[in-house]
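Student: I would like the atomic coordinates for the input below:
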Amino acid sequence: MGLTCTGELDRFLAEDRPLSLQARVDMASPPQLDTGSQVFTFSVTLRIDRAGHYNIVHGSSCDGGKPPAGIPHTGTIGPNEDKNVAVSIQLNDIEEFGKYVVLCASDSGNYQKASQTIALQPMLDYLAQLNEATGQGLPLNSTIAEEFAIFQNDWTMGVSNRGQPSTVQNGVFRPLQFAAFIDPNDSYRIKFFVADYGNNRVIVFHRQPQPWGDTAAVVIGQPDFFSGDTNAGGGGKCSWVKLPHQCCCFSAGKTFYL
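Tutor: Now for the predicted structure:
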């Protein structure tokens, strides 16, 4: 008397067959950027040819890197199911973990594995081009829910240079314009520029300023954060500033105009 093993044999053959993984980035829905957290999100559609699991890693391999933006991107997926996953990338992680994410998949029994690398450069190029939409910077969008003021200590304060008798690092005098720009020269981090008209300078933050007490990281047009004279107290030079009204950025963030 013979035994019928067709079902078990089919399962064994299926487990022994290499796993097929397909992935595509949905560029029809452009990456969304949160300027406050410096996190951008894009959509990826995954498909494998049998039931299994997926994991997405920011880095160059499934064994290295980190969860994108520190958030686990894992889940289950059905056979030949189109699984849409929102992938979030922290811009501050680009320098350490690179411009790639790896899509890692395995079957339900973890017998077969597959991976596919997706380059982040097209998304970063798209974000950098936002600088050029008007030259006036990125649309400001932040996860900070509460209202707050910058360059003052509280809602009741409304004085120049935070009430100090001279120019300070964390204050302004008659600011006329502010804008956020992607900086391709610094791993695509966001830089926040303020045309500080009354202090004859432009100050730069390495992020969108946080509530109440943030201080600038770079000053343009003055030798330090505590000087505010026209043309830095001397004659006109290219590195000095007189009553700046506006700043803008072009060439995908590589050319700055004042």
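Student: sec struct for Q177, please.
Tutor: Counting by DSSP: H, G, I helix; E, B strand; the rest coil, the backbone at Q177 sits in strand.
Student: per-residue confidence for it?
Tutor: For Q177, the model assigns a pLDDT of 83.
Student: in this structure, which spans are helices?
Tutor: Taking DSSP state H as the criterion, the chain carries its helices at 6-16, 94-97, 121-129.
Student: what lies in contact with the last one?
Tutor: Helix 121-129 is contacted by residues 25, 27, 30-31, 33, 40, 42, 89, 94, 99, 138, 182, 184, 188, 252-253 when judged by Cβ atoms under 8 Å, 6 or more residues apart in numbering. To be clear about C-beta, it is placed using only N, CA and C from the backbone, and glycine gets the same treatment.
Student: what does the second one give?
Tutor: Under the criterion Cβ under 8 Å, 6+ apart, residues 58-59, 65-66, 120, 124, 187-189 lie in contact with helix 94-97.
Student: and these, which are buried?
Tutor: Neighbour counting by 16 or more other Cβ atoms under 10 Å classes 58-59, 65, 120, 124, 188-189 among the contacts of helix 94-97 as buried.
Student: inside strands: which ones of those?
Tutor: 58, 189 (DSSP state E).
Student: nearest to V159, of the buried ones among the contacts of helix 94-97?
Tutor: Using Cβ to Cβ, R189 is the member of the buried ones among the contacts of helix 94-97 that lies nearest V159, at 31.1 Å.
Student: pretty sure that closest one contacts L91?
Tutor: Yes: if you go by Cβ atoms under 8 Å, R189 and L91 touch, sitting 5.3 Å apart.
Student: find the residues that touch each one of these two.
Tutor: Shared contacts of R189 and L91, counting by Cβ under 8 Å, 6+ apart, come down to Q38.
Student: which one of the contacts of helix 121-129 has the most neighbours?
Tutor: Comparing the contacts of helix 121-129 by number of neighbours (other Cβ atoms under 10 Å), I182 comes first, having 27 neighbours.
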